[in-house]
Each structure stands twice: as structure tokens, then as C-alpha cells.
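In: I would like the atomic coordinates for the input below:
(chains A and B)
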Amino acid sequence: MKKDTKPSAEAAELRRRAEQRLREKQTSQRSKVGDQSTAERTQRLVHELQVHQIELEMQNEELQQARAEAEAILGQYTDLYDFAPVGYFTLDRDGAIRGANLTGARLLGVDRSGLVNRRFGLFVSADSRPAFNAFLKKVFESQAKETCELALRKEANDPLWAHIEAAATQDGQACRAAVMDITGRKRAEAEVQAAQEKLSAEQRRGQRRLKKVIRELEHRNRDLQDFVHAASHDLRAPLVNIRGFGDLLGSACQRARTAVASTQDGESLRAGLRPLLDEEIPESLGYIRTSSSKMDALLTGLLNVSRIGSAALTIEQLDLNKMVAEIVKSTEFSVEQAGATVQVDALPPCRGDATQVGQVFSNLLDNALKYLDPTRPGAIRVSGYQKRNEVVYCVEDNGIGIDAEHQDAIFGLFHRLDPDRGSGLGLGLTIVRRSLDRQDGKIWLESTPNQGSKFFFSLPSAQFSESALSKLHRQSKTAVRP
Amino acid sequence: MNEDAVILLAEDDDGHATLTRMALREVGVNNEIIRFRDGQETVDFLFGSGQGPSREADAHYLLLLDLRMPKVDGIAVFRRIRQDEQLRRMPVVVLSTTDNPHEIETCKNLHCSRYIVKAAGYKALAEALEQVRLLLEHRQAPRTTGQN
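Out: Alright, predicted model coming up:
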């Protein structure tokens, strides 16, 4: 009601103001024109018309002013809509674009006129499209504001990452979506992630390096303990004999001297000296000689082992088939003598030092021959297989085997399983283990007493990465004494 | 002195065995000596596990044990003795080339009667083996059955 009376009140006010303006005009005319009755009627009519004319003029003025105000507001609104820092889209239920602001069109890299009625989904990257379809469905279902992040396609450009907030209109026939460019943030996130990945890769590399150093230190420590053990037992043992029998020699000489000094009779002198000259002295000399040779052999062996640990390695791809065939050929005589057979399977190539890998094979073959069981024909087999980044070789025999409790000790310096077999110093497996340590290899065994032993050893496979190899190579060049 | 006790000499080195035997005689130990050339022979004799002779049930034994021996080493022999109900009281004198504290500790923990470092020099060896004589004099070597 109040609303209805307002225009008439406004009209009345308008009329009041129009009449006021007319009165002012007439006052000025009346002073010039005389007073007549017909003329008065005409005058009133004219007055009415004039009032209407002025009313219209005033209405026109106000309309023009209102229009100018409306235009100003429209301008503000358009500016706000089109140049807002986010893209605005109105989409219908099928995802077709009904309207978009300029920022939105620019985000999609398309002229606004070409946007209307096209499906928004066409601008979403293929990867994000299922997510977009699900998002649109959710927006129309939930009636609340929904958000998602998508990759948009921009012609001949990197994908554009967008954060979208959308809500359906009240009638549920369309939705309004605000689209924000978050490519910068995404890129920063990707950079952070890449940096993190790089960092953790670096950490992993560092840990691997550390593990390798720890393993090397463990090897060195073990070798050192081996050496201390050998020095305190094996190297001292011949010295006990040399000193002990030396003293006995001295005492025999003393007794001979006493006999010569005190015995006049040649016959009884001879009888007194004979046991000394025929038994005691030669026996003592024999032990001294044997022990000196043993000492010499032990020291030579020790030097050989230490050389294995310091010799420069030339790591290269090795054809084991050819190498093992040559080694087997060189042992032909001993194999024949032992009445054994050696079977060599096809062997995969590996990376290692030719001389040292050859020595590993020949030491293992020697051991296999040395510890064959005399009650059955010896059968030795060499085989190999690829396992991830490494190659595993196996030297298998049907010999006497090794008790589980001795399996660790056999790699020790100067350890001999059975001194009655052959004349070795007990260095073969020590050398094998040290050599493999340095070539990034390992050795282990499976053995059953009275059935035989399988000695396995691994080396990096021929396909091993070049960088890892060059590193290994560098280390081998700078290696010092163990 | 316990003249009955049989001395078991577990020693792989022929020279050491000869020197030990002579030095024992020199300090007046005239007991019977049976020598084994490695740990396996020693174990076979003590536990009757080999084809050769084995210990007699009611004899007195004293074992002179070298530590570094092929096949079965001295410590392994020692452990088996201490784990055996009948042998665990048998006196064991360790003969070693080393005074390494770690090895002495191991042998003490296994209750060795003496730990003798094989001296370089015959006279020193004989002096060291004097302890075996004293051991035999002052201690009735228990029967291996552990009755004493």
C-alpha cells in the first residue's frame, strides 16, 4: 500500500514544483499583458499545457539522470565481472558454458564469443576429465559449494592448474563456478616435491655409500683380527721350535765338549758322542730347518695375502667360459690323477679383474680336488646364473664336505681343514674372500659332511651400471694395504 | 705325586710335542703320555667316537691342550669336555703360543687348571711345565667319572 501511494505523492510534488515554475514565468509576463476574460481562459489552458510541458521536461531530466546512474552501475558491474582476478562461468546441467567473464575466457585461452554453448569439459585435460564430471554431478546434487583442482588444457601450452569453486543456482538448472589459476602454486609444489625426491635420493645414495664403507671397515677389521690371530699362533709356533731345539743343540754341544775334555779313551769317547751326533743333534737340526722353512713360507704367504688386498684392479667385462676352460685345462693332470671329472656349464659374463677372478676359480677348483672322497669317483661341476644385478657362480664337488661348525673358520688366515691333505698353507680361501671383497663380490657355501660342498660366489653382472663400475674402479686404484 | 694319572697331550706340532715331552721328563714328570695330533683325534679318544683307542672308564687323566689345531680346535675340544657329565671335572692345562688376554679369559671361563704360554727357549718351557708337576703333586687328579 505504502509503495502504491509513493508515486502519486511524487507526482503531486512534481506538479507543485511545475506550478511554482509557471507562476514565476507568468508574473514576469503579466506585467506586460492586459487582463481579458477569454483571454483569461486561453491563458489558463496555456498555463495547463505549460505546466505539463515542464512536468515532462523534468521527468525527462530525471529519467536521463537515472539512466546515467544505471549506466554507471552497469559499467562498474561489468568491470567487476569481466576483470575480476578469477574466472566466472555459468554452466548448465550438461556442463555447457552459458556465460563466462573475460578472465575466464583468458584462462581457457579462447575468445569469449567462442565459449558460449561449448562444453567446459572440452577444456579439461584428459586426465582430469573423470574428476571434473564427478565434480559437476556433485555440485548439482549437493546444492552446496564444492571445490576441486583440475588440469585445464591450453593450446600449445603447459597444462594450467585450476582451483574451482562451484555452487548450483536455486532453480538447479545451472551452476556458477569461480575458476582460479593455481599453476604457480602447483609448480612450486612440484618443485618442492622434486627437491624432496632429489634430497631423499641423495640420502639413499649417502646411506648406500655409508653401508659400503661400513662393510669395508668390517672386512678390514676381520682381516686385522685374522692377522693378530695368525701372528700370535701360526707365526710363533715355528719360533718355539727354533728356540727350543736351538737350546737342545746348545746343550748337546756342551755335553760333547765335556765328553771330549774328560774322556781319554777314544772308544768310550766315540760311544759317548755317537748318540749326540747320530740322533740328538740331527733331530734338533731337522726341526730347526723345518721350522725355518715353515716360517719363511708363512711370511711369504702373508705377503701374498696382503698383496691381494693392495694390487690395483682392472675391472672389465669377463668371458668366464673361456677363462674357466683354460683353468680346467691347466689342472687336467691333477684331475686325471685324482680319477675325477670336471663339468663346466655355460657361464654368464661378469665384471671383475681377470687375474683375480681366475685365481678365485683356480683356488676353488684346487680345494675341490684336494678334498675329494677317495671312496667314490670325484665329480666337480662349475655352473653360474644371473641374479638381479649380480652373477652367482658355483663350484660343486662330491667330496668329504665340511661340518657346519667349521664353515666359518675355513676362510681364516692359515686355517687348514686337514693338514694331511696336500701341502697348502691354508691361504686359498682367505685370498678368495679378500679378492671378492674388493670386487664387490661375496662368497658362501653349502656343505654336507660325506656328501660334498658347494662354494658359491657372486660378482657384479656385466650389465651393471657404468657409474657404479667407475666408482668401484676408482676405489680399486686408490686402495692401500689392508 | 699321582703316578697313575695319564697325561693326554693334544698337540699338532711334532716339534712342540717333542719339546713338551722332554721338558716334562726333565722336571720329573714320568707319567704315561698319550699324544694326539689334532682336535679330532683328541675328541675321538675322549668320547670313543673314532676307530682308535678310547679312554678307560676309571683311569685318571690330565689333558695338556694346544689351542690352535686343525679340524677341531682346542677351544672346541675344551667346550665339549666341560659339557660332558663324566669329563667336566678332568684337569685341563692349556698350552698356547699366545698370552692374548681374550684367549686367556675364554680358557679361565672354561675352568682351565693352568694356562701355560709356550715359551721360546727350552729352559723357559721346562720352567713353565714345572706347574704340571706341581699340579699332579698337589691335586689328586679326579677320575674322569667325576666321583672325586
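
In: hmm, the longest helix seen in chain A touching chain B?
Out: In chain A, taking DSSP state H as the definition, the longest helix is helix A:183-232. Yes - under the criterion of Cβ under 8 Å from any Cβ of the partner chain, chain B is reached by helix A:183-232 at A:228, A:232. Yep, even glycine has a C-beta here, placed from its N, CA and C like the rest.

In: Any idea how far that helix is from the middle of the chain?
Out: A distance of 11 Å separates the centroid of the chain from that of helix A:183-232, by Cα atoms, centre = their mean, to the nearest Å.

In: Now it: average pLDDT?
Out: Averaged over helix A:183-232, pLDDT sits at 88.

In: elements contacting it?
Out: strand A:160-168, helix A:281-310, helix A:428-438 (3 or more Cβ pairs under 8 Å, 6 or more residues apart in numbering or on different chains; DSSP states H and E).

In: and the helix or strand just after it, how far out from the chain's middle?
Out: Under the assignment DSSP states H and E, the closest C-terminal helix or strand after helix A:183-232 is helix A:236-262. In terms of Cα atoms, centre = their mean, the centre of helix A:236-262 is set 70 Å apart from its chain centre.

In: Not counting its own residues, what contacts the following helix or strand past helix A:236-262?
Out: Sequence order places helix A:266-275 as the next helix or strand after helix A:236-262, per DSSP H and E. Residues from elsewhere that reach helix A:266-275 (Cβ atoms under 8 Å, 6 or more residues apart in numbering or on different chains): A:256, A:259-260, A:263.

In: May I see the buried residues of helix A:266-275?
Out: Burial within helix A:266-275, assessed by neighbour count using 16 or more other Cβ atoms under 10 Å in any protein chain shown, is assigned to A:272-273.

In: any idea how far it is from the chain center?
Out: Distance, centroid of helix A:266-275 to centroid of chain: 86 Å (Cα atoms, centre = their mean).

In: Show me the residue sitting in the middle of chain A in space.
Out: A:A201 (4.6 Å; Cα atoms, centre = their mean).

In: quick one on the thing from earlier: quick one: the longest helix of chain A to helix A:236-262, angle?
Out: Orientation check (axes from the mean of the first three to the mean of the last three Cα atoms, to 10 degrees): helix A:183-232 against helix A:236-262 gives 20 degrees.

In: show me the contacts for the nearest residue to A:A462 once chain neighbours are set aside.
Out: Leaving aside its sequence neighbours, A:A462 sits nearest to A:P349 (Cβ to Cβ, 6 or more residues apart in numbering or on different chains; 4.2 Å). By Cβ under 8 Å, 6+ apart, the contact set of A:P349 is A:317-320, A:391, A:461-462.

In: rerun at 6 Å
Out: Contacts for A:P349 (Cβ atoms under 6 Å, 6 or more residues apart in numbering or on different chains) come out as A:317, A:319, A:462.

In: From chain B, how far out is it?
Out: The gap separating A:P349 from chain B is 38 Å, by Cβ to the nearest Cβ, to the nearest Å.

In: Can you pull the phi/psi pair for residue 115?
Out: I'll assume chain A. phi -90, psi -40 (degrees, to the nearest 10).

In: hmm, I had chain B in mind actually
Out: phi -120, psi 110.

In: my guess is it meets B:T106, correct?
Out: No - counting by Cβ atoms under 6 Å, B:Y115 sits too far from B:T106 to count as a contact (9.9 Å).

In: coming back round to it: and the contacts of A:P349, which of them are in strands?
Out: A:Q317 (DSSP state E).

In: touching chain A at all, stretch B:122-138?
Out: Yes - legend: contact between stretch B:122-138 and chain A by Cβ under 6 Å from any Cβ of the partner chain is shown at B:Y122.

In: so is A:F89 in a helix, a strand, or just coil?
Out: Three-state call for A:F89 (DSSP: H, G, I helix; E, B strand; the rest coil): strand.

In: Please list all residues in contact with it.
Out: The contact partners of A:F89, taken as Cβ under 6 Å, 6+ apart, are A:97, A:100, A:104, A:177.

In: And the helices in the stretch 51-200 of chain A, which stretches?
Out: Under the criterion DSSP state H, counting those that start in this stretch, the stretch 51-200 of chain A contains helices at A:102-108, A:129-142, A:183-232.

In: Just say which of those is most tucked in.
Out: helix A:102-108 (a mean of 20; mean count of other Cβ atoms under 10 Å in any protein chain shown).

In: that older thread, what angle separates the longest helix of chain A from strand A:160-168?
Out: Calculated by the same axes, to 10 degrees, helix A:183-232 forms an angle of 130 degrees with strand A:160-168.

In: Could you find the closest non-adjacent residue to A:R21?
Out: Closest residue to A:R21 apart from its sequence neighbours, by Cβ to Cβ, 6+ apart: A:I54 at 5.5 Å.
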